[in-house]
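*Asks:* give the three-dimensional model of this entry:
(chains A and B)
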2 protein chains.
Amino acid sequence: MNIAATRPTLQVTTGPLPASRKIHIDGDRHGDVRVPMREVALHPTSGEPPVVLYDSSGPYTDPSAAIDIKAGLPRLRERWIAARGDVETYVGRHVLPEDNGFASGERLVPEFPVRNTPSRASNGKAVTQLAYARAGIVTPEMEFVAIRENLGRKAAKEALIRDGESFGAHIPNHVTPEFVRQEIAAGRAIIPANINHPESEPMIIGRNFLVKINANIGNSAVTSSMEEEVEKMVWAIRWGADTVMDLSTGRNIHNIREWIVRNSPVPIGTVPLYQALEKVGGIAEDLTWELYRDTLIEQAEQGVDYFTIHAGVRLHYIPLTVNRVTGIVSRGGSIMAKWCLHHHKESFLYEHFEEICDICRAYDVSFSLGDGLRPGSIADANDAAQFAELETLGELTQIAWAKDCQVMIEGPGHVPMHKIKENMDKQLKTCGEAPFYTLGPLTTDIAPGYDHITSGIGAAMIGWFGTAMLCYVTPKEHLGLPDRNDVKVGVITYKIAAHAADLAKGHPAAQVRDDALSRARFEFRWEDQFNLSLDPDTARSMHDETLPKEAHKVAHFCSMCGPKFCSMRISHDLRAEAQKEGLEAMAAKYRQGGDLYMPVANTAESQPGE
Amino acid sequence: MNIAATRPTLQVTTGPLPASRKIHIDGDRHGDVRVPMREVALHPTSGEPPVVLYDSSGPYTDPSAAIDIKAGLPRLRERWIAARGDVETYVGRHVLPEDNGFASGERLVPEFPVRNTPSRASNGKAVTQLAYARAGIVTPEMEFVAIRENLGRKAAKEALIRDGESFGAHIPNHVTPEFVRQEIAAGRAIIPANINHPESEPMIIGRNFLVKINANIGNSAVTSSMEEEVEKMVWAIRWGADTVMDLSTGRNIHNIREWIVRNSPVPIGTVPLYQALEKVGGIAEDLTWELYRDTLIEQAEQGVDYFTIHAGVRLHYIPLTVNRVTGIVSRGGSIMAKWCLHHHKESFLYEHFEEICDICRAYDVSFSLGDGLRPGSIADANDAAQFAELETLGELTQIAWAKDCQVMIEGPGHVPMHKIKENMDKQLKTCGEAPFYTLGPLTTDIAPGYDHITSGIGAAMIGWFGTAMLCYVTPKEHLGLPDRNDVKVGVITYKIAAHAADLAKGHPAAQVRDDALSRARFEFRWEDQFNLSLDPDTARSMHDETLPKEAHKVAHFCSMCGPKFCSMRISHDLRAEAQKEGLEAMAAKYRQGGDLYMPVANTAESQPGE
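*Replies:* As a prediction, the model looks like this:
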């Protein structure tokens, strides 16, 4: 099928970020491991080498890559998976009308043009990164993430000066493939990497690695389209999303997801319950284990890398939520509670959890054990319902690990600052140090429209305390479906939170970017300052709003303070004086007293803008 | 002079926020103490009383107030000040051409139409709130702030259930005027209230009170005008700024400031050094004590409520900054460093500090002891220069207190999360618990364009730890002069930080607003949710972007999840079931097992938007 015949060619955002180029660092152990990084060139006057940054954006920012979203991305892991000799291809499940919500004709989003044959483990083997790690195997995926985490640094010969409070995290000076293997084997980290998503560039989620962020995309019954969703994914990873969750509901879920997965270089997560609910017309009571199980297989075959499973919402926890201010605010949690309540039965997710594990181990779908009872208001934070569920998630973690499945645990919601650390501490203890993956938390309820900020505060803190991945919140939270700009603002806010956490944890390379940008700022290398920032376009346009002329890009001031009041400019005069004199001599003479310095020439009149 | 003859009538933003009305709570001790509050009405279906909020917006949001910025605000404290019998009016300093940067003709901003005679202490008396507090006097200002801090609550007869971690702050269940007096007498709180700014509505800054925020406004040499500045002040307080600093530079400083002070219901702070520098044509070396002293008097006569004085930048600290990544980033700090370096003399602010105190005590200008050596990058945080200056600020605090002057201490800048608390702890110890007033701190350097967020994270945390007032940072920080929208975003972000801090400290009334909004959210009272939010306009418009119809304002879902996936809607079904059954019975029967519930009717089809 030629999509172009029925719809215009789909365009997504491509091209490098300013002053950036894609570089690749080759693996040592595995010949075809090539890890992409972003290199930001600095102005020649800086005398500094380019700054190498972690790059989640995939081939879309590589001008040498041919992007055709009708073909999908190169299947870079295909050979690695095949080389392990433990998977088989098979005739997959047939796509059913209900998979797309019975959409038809004009309303049906076209199928992805290329149909791949799915793979699964042969002979009941576990094909998970956890199984390999436990068997002592360092996979190409593990080497890939090790190189990625080092941000282009070589192993330092001498011990680095480390600065930070890690609350028990142990981030090494240099990440080796063997360290990655150990962390995965211990359950402290996961590499979400479904064997049916070979297009993905491996990434790792764990407390002893860089803090990651997730962006949610997805249409809903009310609004959005498939074209928008693919572009939202590309857009989200352009600004730094490490994984993307497709939370689509409504019609066309199957087909939209296929388009997303085939074009995604980052792991894709889903909440399979959403699609299952669509299949039963939105009536929670009509959900069945068989239908849910079939949905898991459908999505595993497509290549979904992690599943949010709300198996911790148990029947007897539901009364704990009834007197809450905001009840149950997780969509999956509320659906399962409704099912349990209606049937007065234990959750089928809980009861069939081992069978779910058997599916996940056959494709290496990681678990994101859902926090269906997370608090939706400050009043409900850290309550009995929330922590009861966490205990169950700890129990399920052990079951999943026994099945060689990779696991992370979902958490927070709305939590005031003084209750954040308790969440982290309890999670580490209860869930055996499995990676924590939290929504926010939002530190107050009173700012709808600004919940990227209320939650960015909590996210930075919980990331510092040990959360491995932060699920973003956009400005539209509680109000509506985020658009393109909301997605960007959400991603940038969470990149800030994750990076602030890395700094505070004492990640050995995190401060490199801050230092390079601050030097650029101090030396009035405006373009370098913009290019090193999380959002060069916004930084540049804000600067240019008040000082648009090219001459001002080299000016030693900005419109905030103007030339006479620029502290950095004055600091330069001080530094110049000190250098003339020699710092030691300057300090010594200060102690002695006496007039040392000649009047500095007043250069204010020669500045532009005066 | 009739301003209208030369310029169009100046308009500022007036009118109440949505669903809000101005109420006043009368004092018990002082007959003419009337404390303004904002009361937000809720929908009748809520069955809840209106929510009373702290209101810094002054008469501008009171439809019954006649606003004429050419006349200025009512001088509500004038009688209180006169009644104390310790001040005299006198012929003030004449306005000099250099006070307005030698602006003339068209370029001269017109004088404020009404000229008030300045007052000062008679016979060398201290007319500060600290002096009164020490003398055991509860002033009307103290009663005013006591009522204000209680947010309309009456003293609870029973002990409240308190929740929070206050790190040694002692916030009472109910603030009494006597408590305010004690806190001021101890130096732990200040009421910035120049006797020449009787238009101001008293507010208190201290660790045992609600966390406050400051917004900076001000033109610069490059851009901005006087009309914009008055409106910026009105705009900033509309969204919640508790004080405003006028950081104007360039021409017309004197006249613009007069317009601002006469129309400001919140305390106005300045950095007198900026104007002094303008008077010497921007040449730091030409500053003299005499000229600076004259500027202090000029501004004290106008009614400036607090002065930032960078008296802690001492000569021998300057070498400590030379190897910093970003040198000195405080404007005032860099100016003083340049002066000290050029003359190789100790700072005239340090040397004349007692004389400065004598001026401040005669008008009750509070000190905001400036952190001229605050770090401008993550690399420079908590370094020797920063903490050396803090020691000097502690020394100066003692001198000011000995003169009966009110003092707060400025702090942070760029500080990673793990180094924030050290700042607070050192400040409390070094400065005898004088209130801390911090810029941010920014928790990373890498996000110009989003520094309201990088700093909102740090501000929330340091507010929690004990900082009494947070100085906002706008998205334009490091890039340019903030415009109207930047000011609003900065204020809202800092209201979030301050409120998150109040919640985490366990302020007894802080959670009232969160709870009311969360109940509204849970009950789909959309209008109540908007009206209770920090920015009702933005919340409403974001909602309406995707669901604009009036019918959707009562819909039990939003476009984020759509009707079938709305967890809150499902939660309602659960609650309805539980209420039918009785919660206790429900829980009991859950423990017993058995089928309890009838199928709930599927109402999905009847919802709009399906």
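
*Asks:* figure out how far the helix or strand hosting A:Trp80 is from the centre of its chain.
*Replies:* Taking DSSP states H and E as the definition, one finds A:Trp80 inside helix A:78-83. Distance, stretch centre to chain centre, for helix A:78-83: 25 Å (Cα atoms, centre = their mean, to the nearest Å).

*Asks:* list the buried ones in whatever helix or strand comes next after that helix?
*Replies:* Counting by DSSP H and E, the next helix or strand C-terminal to helix A:78-83 is strand A:87-89. Across strand A:87-89, burial judged by 16 or more other Cβ atoms under 10 Å in any protein chain shown covers A:Val87. Heads up, the C-betas are built off the backbone N, CA and C, glycines and all.

*Asks:* what's the distance between stretch A:61-69 and the middle of its chain?
*Replies:* On Cα atoms, centre = their mean, the centre of stretch A:61-69 falls 22 Å from that of its chain.

*Asks:* how about the strands of the stretch 101-250 of chain A, start to end?
*Replies:* If DSSP state E, counting those that start in this stretch is used as the criterion, the strands of the stretch 101-250 of chain A fall at A:119-121, A:189-190, A:205-206, A:212-217, A:243-246.

*Asks:* so for B:Ala539, which of those sits nearest?
*Replies:* Closest to B:Ala539 of the strands of the stretch 101-250 of chain A, according to Cβ to Cβ: strand A:212-217, at 19.9 Å.

*Asks:* check which helices and strands that closest one sits against.
*Replies:* Here strand A:212-217 touches helix A:226-238, strand A:243-246, strand A:469-471, helix A:484-505, going by 3 or more Cβ pairs under 8 Å, 6 or more residues apart in numbering or on different chains; DSSP states H and E.

*Asks:* ok, which of these comes nearest A:Pro49?
*Replies:* So among these, helix A:484-505 is nearest, using Cβ to Cβ, at 20.7 Å.

*Asks:* re earlier: mind listing what's buried along the helix holding A:Trp80?
*Replies:* Neighbour-count burial for helix A:78-83 flags A:80-81 (criterion: 16+ other Cβ under 10 Å).

*Asks:* tell me the mean pLDDT for it?
*Replies:* Here helix A:78-83 scores 97 as its mean pLDDT.

*Asks:* and the closest residue in space to A:Gly456 that isn't next to it in sequence, what is it in contact with?
*Replies:* Closest residue in space to A:Gly456, ignoring its immediate chain neighbours: A:Thr493 at 4.5 Å, by Cβ to Cβ, 6 or more residues apart in numbering or on different chains. The contact partners of A:Thr493, taken as Cβ atoms under 8 Å, 6 or more residues apart in numbering or on different chains, are A:452-453, A:456, A:472-473, B:450, B:453.

*Asks:* alpha carbons only: can I get stretch A:437-452 in CSV?
*Replies:* This file holds the C-alpha atoms of stretch A:437-452, laid out as CSV (Å, rounded to 0.1, in the frame of the first residue of the first chain):
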residue,chain,number,x,y,z
TYR,A,437,9.6,6.0,37.6
THR,A,438,7.5,8.9,38.9
LEU,A,439,4.9,11.4,37.6
GLY,A,440,6.2,14.7,39.0
PRO,A,441,5.3,14.8,41.9
LEU,A,442,3.2,18.0,41.8
THR,A,443,4.1,19.9,45.0
THR,A,444,0.9,21.9,45.2
ASP,A,445,-2.6,21.6,43.6
ILE,A,446,-3.3,25.3,43.1
ALA,A,447,-1.7,26.1,39.8
PRO,A,448,-3.5,24.4,36.9
GLY,A,449,-1.9,25.8,33.7
TYR,A,450,1.5,25.7,35.4
ASP,A,451,1.7,22.0,36.5
HIS,A,452,4.9,21.5,34.6
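
*Asks:* anything in it near chain B?
*Replies:* Yes - using Cβ under 8 Å from any Cβ of the partner chain, a contact is recorded between stretch A:437-452 and chain B, made by A:443-450, A:452.

*Asks:* what sits against whichever residue of the stretch 201-350 of chain A sits closest to chain B?
*Replies:* With Cβ to the nearest Cβ, the shortest gap between the stretch 201-350 of chain A and chain B falls at A:Gly327, namely 3.0 Å. Listed by Cβ under 8 Å, 6+ apart, the contact partners of A:Gly327 are A:321, A:334, A:376, B:522, B:567-568, B:571-572, B:574-575.

*Asks:* hey, least reliable of the helices and strands packed on strand A:212-217 by pLDDT?
*Replies:* Among the helices and strands packed on strand A:212-217, helix A:226-238 scores lowest, with a mean of 88.

*Asks:* I figured A:Glu346 hits A:Leu315, correct?
*Replies:* Yes - A:Glu346 is within contact range of A:Leu315, at 5.0 Å (criterion: Cβ atoms under 8 Å).

*Asks:* between those two, which is the more surrounded one?
*Replies:* A:Leu315 (19 against 13; other Cβ atoms under 10 Å in any protein chain shown).

*Asks:* okay if I get the strands of the stretch 101-250 of chain A as JSON lines plus distance to A:Ala133 and mean neighbour count?
*Replies:* Output for the strands of the stretch 101-250 of chain A, formatted as JSON lines (distance: least, Cβ to Cβ, whole Å; neighbours: other Cβ atoms under 10 Å in any protein chain shown):
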{"stretch": "strand A:119-121", "distance to A:Ala133": "16", "mean neighbour count": "22"}
{"stretch": "strand A:189-190", "distance to A:Ala133": "9", "mean neighbour count": "30"}
{"stretch": "strand A:205-206", "distance to A:Ala133": "12", "mean neighbour count": "29"}
{"stretch": "strand A:212-217", "distance to A:Ala133": "19", "mean neighbour count": "26"}
{"stretch": "strand A:243-246", "distance to A:Ala133": "20", "mean neighbour count": "26"}
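
*Asks:* fine by me, we can end here.
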